[in-house]
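Asker: I would like the atomic coordinates for the input below:
(4 chains)
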Number of protein chains: 4
Amino acid sequence: MTDSAPSPVPERNETARVEAFSDGVLAIVVTLLVLELKVPRGLETEAAVRHALAEEWHSYLAFLTSFATVGIMWVNHHRLFTLIGRIDHWLLMLNLLLLLMICVVPFPTAIVSEYLGGGGAQIATLALGGVYLVTAIVFNILWRYAANGRRLIASHVSQSVVDAQTKQYRFGPVVYLVAFLAALVSPTLSVALNLAIAVFFALPLR
Amino acid sequence: MTDSAPSPVPERNETARVEAFSDGVLAIVVTLLVLELKVPRGLETEAAVRHALAEEWHSYLAFLTSFATVGIMWVNHHRLFTLIGRIDHWLLMLNLLLLLMICVVPFPTAIVSEYLGGGGAQIATLALGGVYLVTAIVFNILWRYAANGRRLIASHVSQSVVDAQTKQYRFGPVVYLVAFLAALVSPTLSVALNLAIAVFFALPLR
Amino acid sequence: MTDSAPSPVPERNETARVEAFSDGVLAIVVTLLVLELKVPRGLETEAAVRHALAEEWHSYLAFLTSFATVGIMWVNHHRLFTLIGRIDHWLLMLNLLLLLMICVVPFPTAIVSEYLGGGGAQIATLALGGVYLVTAIVFNILWRYAANGRRLIASHVSQSVVDAQTKQYRFGPVVYLVAFLAALVSPTLSVALNLAIAVFFALPLR
Amino acid sequence: MTDSAPSPVPERNETARVEAFSDGVLAIVVTLLVLELKVPRGLETEAAVRHALAEEWHSYLAFLTSFATVGIMWVNHHRLFTLIGRIDHWLLMLNLLLLLMICVVPFPTAIVSEYLGGGGAQIATLALGGVYLVTAIVFNILWRYAANGRRLIASHVSQSVVDAQTKQYRFGPVVYLVAFLAALVSPTLSVALNLAIAVFFALPLR
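Answerer: Residues are numbered from 1 along each chain as shown, chains lettered A, B, ... in the order given. Presented below is the predicted three-dimensional model:
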């Protein structure tokens, strides 16, 4: 392949399909989360259905937390790819690794749905917080790979924007680590902290 | 970040990925609805299968109502983003909130599938109508945020088009509120009203 | 709205999001079909698993038939939208109706999976063939609406191409009707005919 | 149709929708895989949940292997369509066949989840490896069809790039055949080999 000039491809096209595939995965993950909200079956009265639905508060909390977390991840991914202008083999691989982590999210979410508020709540929330934490770390690795020496940064993006993004990204793994470790003290606190992180990132203060 | 000029991005690109992600979520939601249509298992005769399928009319009604409602929401979303030309942080967040509500739709739809025509029908239809109502309200908030002072309106859209859209949007929450409250009188009527709303919005009379 | 000139939008943009949404729905439908292939649970020996998997031939046939049919529908949809250059309200609604029918496909496919080769096979295959038939009819209505007087045909498409498409489309509902009615004679024949129709449409002879 | 000149369509548009549909299917397949990770239900203690989750190692291995394999297939598909600049009827059909194989992946993955490490492991891993093998073969057929005499190759792609791709593609079916046959010796080895293949293809050495 070395004897032929590389085929020139316009910058936009290069990242477009990576974004489309990632959008697809993220959209499906947030939507699949609803399948973990279980309809109580075979009840006979209004009061019984009402009671059964109210009992499911841990499912609703788990759903909301994972929806908000993956939603914020989508916003993050979207922002990254307004700064990233080119792709290469390793970026594709890191993006796949990121998508792998995000695809896993419904599994610990379902474990939390089943066990929060009972025996098994700790391992459940450690699993959920652990997946969020690793995802935040992979996000950092991906960004640093792209930003290092402006390897894959679009030419129109100024260096100060890149540096600000790098600085801000240091923050993510730390807060997810705190929420993860909180599960050792109180599983419900851990989920609440994870939800709070998502809400915090949704505020434009940073 | 204040010392660098913002990176100029063409208008179209800004909303394209938001639309793609939203399209993905909406497409998955309407498709997941079919998973709530339960195949009767282990029957032995034509008559038994036929009978079991006919018994599921509440599932079909719930499916049809939610498909039509989410379908109309897609048309609405599509129209909004022909008028919205820019995005900002809060629009992203409001859009995520809108997608959250739409992602929830299959859950009350499944509850209605299970309980319409029996004990539990009222709480089931209140849940479904409630989700539709909140979604309609979030749609209004999102539009008003974008339209207020033409904050995010595309430059080629005339103000009279914006005003007409705002006027028309006032209508949505009111009719969904009526359908929601109808569940207190008759759950089946409430679902029928919600279906009628979708059909009405499908007509180009408005 | 009459006092303002309509906002000019480039032709391509108009159909792009309809195609994206439709692609999403069709992609999800073909993929959800696999969820109806049931893993035999709790068996102990190679022979038992092998036997149980072989027993599921009706599931494989139903899966293959619906995958092929929806796949061909995607090709059809794709072709239509190379000819259609504009959208209007009714086209959006007809497209939603088409997507509704396609979204329903996994349900009768699952019924055929459960009942083909036993009691209930006839109602199952009537349901599947009926959904295909109605879908083919909606495809025709949508095309005729778009093509009538070149209402929504892209300007670069010649009239002879439009006429050829119209002529070819007459064919679809007829063959699906034959496969549908065949279920009254033999359910397995009906599924086989539906699969044959998809394979036939996959050949470029027409 | 012969009396009218074919409607000229820009090169990019031709493959865009095929890529979008394929991206959708691939994104959904990798995401659906998580549904096979089963939450242990109704346990009472941390230790019981921890133990039950640890017992599921074959599910995690199957999930990881299929995610990695389909992920690499996406990268492959993405690369092919940077070289392919036009589509025709048979390419559409071959692409549908490829998507059919990829859509099937969750089924043998679930069988491996259920039976790896017990009776039924061999047929399970033969099914999984067999689906991967056939998919690799279909990839080759699709590429050779497009590349033969530069039938559908984009004009800006040099012949040496095409030849290098062809040479590299010969490799795929061979390694998948080895992993498939390994199931006859050891089912776990077969899955491990398939995972190793995906990791190997993820390295940029080739």
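Asker: alpha carbons only for contacts and neighbour counts from here, please
Answerer: Fine.
Asker: which residues of chain A fall in helices?
Answerer: A:11-32, A:46-55, A:57-83, A:89-104, A:106-115, A:121-147, A:159-169, A:171-185, A:187-202 (DSSP state H).
Asker: looking at these, which one is packed in the most?
Answerer: Across the helices of chain A, averaging neighbours per residue (mean count of other CA atoms under 10 Å in any protein chain shown) puts helix A:106-115 on top, at a mean of 26.
Asker: what does that one contact?
Answerer: With contact meaning CA atoms under 8 Å, 6 or more residues apart in numbering or on different chains, helix A:106-115 is reached by A:29, A:32-33, A:36, A:56, A:58-60, A:62-63, A:66, A:121, A:124-125, A:127-128, A:131, D:34-35, D:37-42.
Asker: gap between residue A:171 and chain B?
Answerer: Using CA to the nearest CA, to the nearest Å, we find residue A:171 at a distance of 17 Å from chain B.
Asker: next one: residue A:181
Answerer: Going from residue A:181 to chain B by CA to the nearest CA gives 28 Å.
Asker: quick one, what contacts that residue?
Answerer: A:126, A:190.
Asker: dihedrals phi and psi, residue A:86?
Answerer: Here is the backbone geometry of residue A:86 (degrees, to the nearest 10): phi -140, psi 160.
Asker: next: residue A:155.
Answerer: Torsion angles at residue A:155 (phi, psi; degrees, to the nearest 10) stand at phi -60, psi -30.
Asker: and for residue A:118?
Answerer: According to degrees, to the nearest 10, the main-chain angles of residue A:118 amount to phi -150, psi -170.
Asker: which one is it nearest to, not counting chain neighbours?
Answerer: Computed as CA to CA, 6 or more residues apart in numbering or on different chains, the closest residue to residue A:118 that is not its neighbour in sequence is residue D:44, at 7.2 Å.
Asker: just the pLDDT for that neighbour.
Answerer: Among the per-residue scores, residue D:44 shows a pLDDT of 89.
Asker: make sure residue A:145 is actually in contact with residue A:151.
Answerer: Yes. With contacts counted by CA atoms under 8 Å, residue A:145 reaches residue A:151, the gap being 7.4 Å.
Asker: get me the contact residues on chain A for chain B.
Answerer: For chain A, the residues in contact with chain B under the definition CA under 8 Å from any CA of the partner chain are A:20, A:23-24, A:27-28, A:30-31, A:34-35, A:37-50, A:67, A:71, A:75, A:78, A:156-158, A:160-161, A:164, A:202, A:204.
Asker: surely residue A:67 touches residue B:102?
Answerer: No. The criterion here is CA under 8 Å, and residue A:67 misses it with residue B:102 at 11.9 Å.
Asker: now do the contacts for residue A:24.
Answerer: When contacts are counted by CA under 8 Å, 6+ apart, residue A:24 touches B:21, B:24, D:23-24, D:27-28.
Asker: same check on residue A:31?
Answerer: Contact analysis of residue A:31 by CA under 8 Å, 6+ apart lists B:25, B:28-29, B:103.
Asker: mind listing the residues bridging to residue A:84?
Answerer: Each beta-bridge partner of residue A:84 is listed here, defined by DSSP bridges: residue A:153.
Asker: from residue A:146, how far off is it?
Answerer: Here residue A:84 is placed at a distance of 7 Å from residue A:146 (CA to CA, to the nearest Å).
Asker: one step back: let me know the closest of the contacts of residue A:24 to residue B:182.
Answerer: Taking CA to CA as the measure, residue B:24 is the one of those closest to residue B:182, at 32.1 Å.
Asker: if I look at the closest one, how far off is residue A:146?
Answerer: Taking CA to CA as the measure, residue B:24 falls 27 Å from residue A:146.
Asker: now residue A:112
Answerer: With distances defined as CA to CA, the gap from residue A:112 to residue A:146 amounts to 34 Å.
Asker: can you check residue A:28 too?
Answerer: From residue A:28 to residue A:146 the distance is 26 Å (CA to CA).
Asker: quick one: average pLDDT of stretch A:85-94?
Answerer: Computed over stretch A:85-94, the average pLDDT equals 90.
Asker: ends of it, what's the gap?
Answerer: Using CA to CA, the end-to-end distance of stretch A:85-94 comes to 16 Å.
Asker: is any part of that stretch close to chain D?
Answerer: Yes. Contact of stretch A:85-94 with chain D (CA under 8 Å from any CA) involves A:89-90, A:92-93.
Asker: now those in TSV, with distance to chain C?
Answerer: What follows is the residues of stretch A:85-94 next to chain D, written out as TSV (distance: CA to the nearest CA, whole Å):
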residue	distance to chain C
A:89	26
A:90	28
A:92	22
A:93	24
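Asker: list just the nearest of these to residue B:169.
Answerer: Distances from residue B:169 to the residues of stretch A:85-94 next to chain D, taken by CA to CA, are shortest for residue A:92, at 42.2 Å.
Asker: ok, that closest one to residue B:21 distance?
Answerer: Note on residue A:92: its distance to residue B:21, by CA to CA, is 19 Å.
Asker: now chain A against chain C: closest residue?
Answerer: Shortest chain A-to-chain C distance, computed as CA to the nearest CA: residue-wise this is residue A:24, at 8.7 Å.
Asker: show the pLDDT at that residue.
Answerer: According to the prediction, residue A:24 has pLDDT 88.
Asker: then residue A:2?
Answerer: Taken from the predicted model, the pLDDT recorded for residue A:2 is 34.
Asker: residue numbers of chain A in contact with chain D?
Answerer: A:1, A:3-5, A:7-8, A:17, A:20-22, A:24-25, A:28-29, A:89-90, A:92-93, A:96, A:100, A:103-104, A:106-107, A:110-111, A:114, A:118-123.
Asker: can you do 7 Å?
Answerer: If contact is defined as CA under 7 Å from any CA of the partner chain, the residues of chain A in contact with chain D are A:1, A:4, A:7, A:21, A:24-25, A:28-29, A:89, A:93, A:96, A:103-104, A:107, A:110-111, A:119-120, A:122-123.
Asker: the helix or strand of chain A with the lowest mean pLDDT: how far from the chain's middle?
Answerer: Sorting the helices and strands of chain A by mean pLDDT, DSSP states H and E puts helix A:11-32 at the bottom, at a mean of 82. Put simply, helix A:11-32 sits 13 Å off its chain's centre (CA atoms, centre = their mean, to the nearest Å).
Asker: got the angle between it and helix B:11-32?
Answerer: Between helix A:11-32 and helix B:11-32, the angle formed by their directions is 30 degrees, by axes from the mean of the first three to the mean of the last three CA atoms, to 10 degrees.
Asker: where does chain A dip in pLDDT?
Answerer: Confidence mapping of chain A against pLDDT under 70 gives the ranges A:1-13, A:204-206.
Asker: can you pull the contacts of residue A:142?
Answerer: Residue A:142 makes contact with A:91, A:94, according to CA atoms under 7 Å, 6 or more residues apart in numbering or on different chains.
Asker: phi and psi next, for residue A:119.
Answerer: phi -60, psi 130.
Asker: hmm, it is touching residue D:45, no?
Answerer: Yes. Residue A:119 lies in contact with residue D:45 (CA atoms under 7 Å); the separation is 4.4 Å.
Asker: among the contacts of residue A:31, which two are most distant?
Answerer: B:28 and B:103 (8.7 Å).
Asker: coming back round to it: identify the contacts common to residue A:84 and residue A:146.
Answerer: If you check residue A:84 and residue A:146 against CA under 7 Å, 6+ apart, the residues they both contact are A:152-153.
Asker: follow-up on the earlier one: wait, the residue nearest to residue A:118 sits on residue A:119?
Answerer: Yes. Distance between residue D:44 and residue A:119: 5.0 Å, which falls inside the contact criterion (CA under 7 Å).
Asker: the two: which is more packed in?
Answerer: When residue D:44 is set against residue A:119 and neighbours are counted by other CA atoms under 10 Å in any protein chain shown, the residue ahead is residue A:119, at 18 against 13.
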